[in-house]
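>>> predicted model and sequence below, questions to follow.
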Amino acid sequence: MATGSDREDDDSKDLDTQGGGQSVGVPADGELEGSVFNPLGNPGKRHWQASYIDKSGLEDRGNIFFAAVEMTRMPMVVTDPRQPDNPIVFINRAFLDLTLYEEQDVIGRNCRFLQGPQTDPATVTEVRNAIADERAVALDILNYKADGTPFWNALYLGPIFDHEGRLLYFFASQMDVSERHATQQSSMQAQKMEAIGQLTAGMAHDFNNLLQVINGNLELSLLALGANNHTNSANGKAADPIRRAQRAAMKAGKLTQQLLTFARKQRLEPRRINLNSLLVEFSEMLVRTLGDKVELHLDLKPGLPYCTLDPTHLEMALLNVVINARDAMADGGLVKVGTSLAHGGGVVICVADEGEGMTPEVMQRATEPFFTTKGPGTGLGLAMVHGFVQQSRGRLELDSTPGKGTTVRMVFPVADTAADAPAADHETADQDQEREADKPRILVVEDNEDVRELAESMLDSAGYAVVSAPSGEEALTLLEEDQGIDLVFTDVLMPGGMNGLQLADQVRARRPGTPILITTGYMDELPAASRAQSLDILTKPYRQEDLLSRVRAILPARPDG
């Protein structure tokens, strides 16, 4: 909000006289910009913020200035503060176009009829104070059209006096700036979500390392107890609490993956899929999820083009949306899942329910992590869906009306045949010719000491010879000194000047053919690198079985241990 100068300031300014003294104006001198949209494109100085005229009547409508007012597309209003309640005494046709009112419904009324339930009372007070002080004001106010449609109105209001300084009228010009407000709001929301995503991803990365240590040591404890042998009842009793702890830790790992999905940092394995085929195959799971009270209808567009998506994560996203639809219909109803072509290109999965719907305030926060209107639940469902869709180069659209239901649309780009061709097998001829040894040697590169020691224990217990390094630089030194390294197993994010991807590049350059297995719980840098080359990636937290399975798949010789 911005206000013009007071009467004392006006007297000290150099006034602008027009028409041989018929009217005198107070130049704005760069004032009245405030938060409103500035149609001039710069802080105006010469336009008037107050004026003095010698004819107070509105009857003379036969001159060019009246014609110009009626021809302009900027809505204009004149009110008469000398009459009770400061009624409107003149409007131009652009005002009727903007507000959808008829002239007979406007003349004689105070401008407050444009206000509605969401109009900010503080903004209304600012306008009233400016009118009471007989000064100009410029601000954005939420107004409503005759049909109830809200719009953001950039309002410019200024007083008109006679030559003796008596207040005659207020003149207001207006402009619909709803699109600008929507853009600003979207930008602010995007910045907030990006900040939350960065914080979430960083926390999830550290938490994954802790979970890796917990899960791995629980697994080693079971092996030490010989828990697979149930002949020892004492060992069996000791193993039960460990297994319960393992289950809890794995659930925590799934929660971490949900956080990474929201932050768009999870590992995706996209491939060419047809959405119709996926929905048909997944429909049985959707029916079981919806239960007996909710009916599922599929509406699939024939001939749908292919997409390049991770089918597992897509199914998880679809399941989250369907669960929300089910929970919104406590008494049952219908859920429609359909596919279609998007305007402007792309394919759409649409999920529509007949549930309780969301208010605009709830819908605005629906994709925020940990925001939920349901009693039980983490509030990560739509946040995870939003993250997956964005990471898949798509967009998520929500439409909802309280009492009528919600529609969720996931829009994805069509597959690029050339760009999405399957990558060649990462194994090279040098790997196929790799020598067999009694104990293949594995270099473990991990900056977290607990995680590094755990990986060493897992590999050592399986009969591999293990050497380790806490950084990429030290790993390169070991590779120069030890030519018998059969596999490099490295984390991605490490302190210092070299991360795991850079280390992998150095290994390929210095020792072509040496297999590389990468592990991470934080996938920020991997998607771009994966497009250029095929990578073996093991996601944290991993189990010993997962690690050994990947190692045995890469190394041609199995250890004797």
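Ah, there it is.
>>> what's the first helix or strand after the helix or strand of the chain with the lowest mean pLDDT?
In the chain, no helix or strand scores lower on mean pLDDT, DSSP states H and E than helix 429-432, which sits at a mean of 38. Reading on from helix 429-432 to the C-terminus, the next helix or strand found by DSSP states H and E is strand 441-445.
>>> quick one: mean pLDDT over the helix or strand following that following strand.
From strand 441-445 onward toward the C-terminus, using DSSP H and E, the following helix or strand is helix 449-461. Mean pLDDT, computed over helix 449-461, is 85.
>>> which phi and psi does residue 332 have?
Dihedral pair for residue 332: phi 90, psi 170, per degrees, to the nearest 10.
>>> what's the neighbour count on it?
By the measure other C-beta atoms under 10 Å, the count of residues near residue 332 is 13. (Glycine included, C-beta is placed from N, CA and C.)
>>> what's the answer for residue 68, then?
10.
>>> next one: it relative to residue 171, how far apart?
With distances defined as C-beta to C-beta, to the nearest Å, the gap from residue 68 to residue 171 amounts to 14 Å.
>>> please apply the same query to residue 410.
Using C-beta to C-beta, we find residue 410 at a distance of 49 Å from residue 171.
>>> more neighbours, the two?
When residue 410 and residue 171 are compared for neighbours, residue 410 comes out ahead with 24 against 19, by other C-beta under 10 Å.
>>> pretty sure the more buried one contacts residue 342?
No - counting by C-beta atoms under 8 Å, residue 410 stays clear of residue 342, with 10.2 Å between them.
>>> could you look up the SS state of residue 222?
Reducing the assignment to helix, strand or coil with DSSP: H, G, I helix; E, B strand; the rest coil, the entry for residue 222 is helix.
>>> list the contacts of it.
With contact set as C-beta atoms under 8 Å, 6 or more residues apart in numbering, residue 222 has these partners: 228, 239, 242, 243, 246.
>>> of those, which is the most crowded?
In terms of neighbour count, residue 239 stands highest of the contacts of residue 222 at 20 neighbours, by other C-beta under 10 Å.
>>> close enough to count as contact, that residue and residue 225?
Yes - taking contacts as C-beta under 8 Å, residue 239 lies within contact range of residue 225: 5.4 Å.
>>> what are the boundaries of the helices in the stretch 201-350 of the chain?
Secondary structure of the stretch 201-350 of the chain, counting by DSSP state H, counting those that start in this stretch: helices at 233-262, 275-290, 311-327.
>>> nearest to residue 460, of these?
Closest to residue 460 of the helices of the stretch 201-350 of the chain, according to C-beta to C-beta: helix 233-262, at 20.5 Å.
>>> how much space is there between residue 396 and residue 137?
39 Å.
>>> returning to what we had before: most widely separated two among the contacts of residue 222?
The largest distance within the contacts of residue 222, taken as C-beta to C-beta, falls between 228 and 246 and amounts to 14.0 Å.
>>> who is residue 397 paired with across the strands?
According to DSSP bridges, residue 409 are recorded as the beta-bridge partners of residue 397.
>>> which residue ranges form the helices in the stretch 1-150 of the chain?
Assigned by DSSP H, counting those that start in this stretch, the helices in the stretch 1-150 of the chain fall at 7-12, 64-71, 93-99, 121-132.
>>> could the ones you listed go into CSV alongside distance to residue 519 and mean pLDDT?
Putting these into CSV (distance: least, C-beta to C-beta, whole Å; pLDDT from 0 to 100) gives the following:
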stretch, distance to residue 519, mean pLDDT
helix 7-12, 69, 60
helix 64-71, 70, 80
helix 93-99, 60, 91
helix 121-132, 54, 92
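>>> what's the closest of those to residue 463?
helix 121-132 (73.0 Å).
>>> low pLDDT regions in the stretch 451-561 of the chain?
Screening the stretch 451-561 of the chain residue by residue with the criterion pLDDT under 70, one finds the ranges 495-497, 522-534, 556-561.
>>> ok, residue 301 to residue 316 distance?
23 Å.
>>> between the two, who's got more neighbours?
Under the criterion of other C-beta under 10 Å, the comparison of residue 301 against residue 316 puts residue 316 first, with 17 against 13.
>>> that one touches residue 384, doesn't it?
Yes - A contact is recorded between residue 316 and residue 384 when judged using C-beta under 8 Å, the distance being 7.3 Å.
>>> returning to that earlier point: out of the helices of the stretch 1-150 of the chain, which is the most enclosed?
Among the helices of the stretch 1-150 of the chain, judged by mean count of other C-beta atoms under 10 Å, the one packed with the most neighbours on average is helix 93-99 (a mean of 18).
>>> so which elements touch that helix?
In terms of contact count using 3 or more C-beta pairs under 8 Å, 6 or more residues apart in numbering; DSSP states H and E, helix 93-99 is assigned the packing partners strand 76-79.
>>> direction included, what does the strand it packs on pair against?
Its sheet considered, strand 76-79 pairs with strand 88-91 (antiparallel), strand 167-173 (antiparallel) by DSSP bridges.
>>> quick one: mean pLDDT over the shortest one.
Meaning strand 88-91. Mean pLDDT, taken over the full extent of strand 88-91, equals 92.
>>> what's in contact with that strand?
Counting by C-beta under 8 Å, 6+ apart, the neighbours of strand 88-91 from elsewhere in the structure are 58, 75-80, 83, 103, 106-111, 169.
>>> if we go to 10 Å?
Where contact means C-beta atoms under 10 Å, 6 or more residues apart in numbering, the residues beyond strand 88-91 that reach it are 58, 61, 66, 69, 75-80, 82-83, 95, 98-99, 101, 103, 106-111, 113, 169-172.
>>> Three-state assignment for the closest residue to residue 440 other than its chain neighbours, please.
Distances taken as C-beta to C-beta, 6 or more residues apart in numbering put residue 486 closest to residue 440, at 4.2 Å, once the chain neighbours are dropped. Local secondary structure at residue 486 is given as strand here, using three-state DSSP.
>>> how about the one 3 residues further on?
Put simply, residue 489 is strand when judged by three-state DSSP.
>>> tell me the bridge partners for it.
Going by DSSP bridges, residue 489 is paired in beta bridges with residue 444, residue 517.
>>> could you pull up the contacting residues of it?
Counting by C-beta under 10 Å, 6+ apart, residue 489 has contacts 442-446, 455, 459, 464, 466, 468, 500, 515-519, 536, 538, 547, 550-551, 554.
>>> that older thread, surely the residue nearest to residue 440 touches residue 516?
No - with the criterion set as C-beta atoms under 10 Å, residue 486 and residue 516 do not qualify as a contacting pair; they are 11.2 Å apart.
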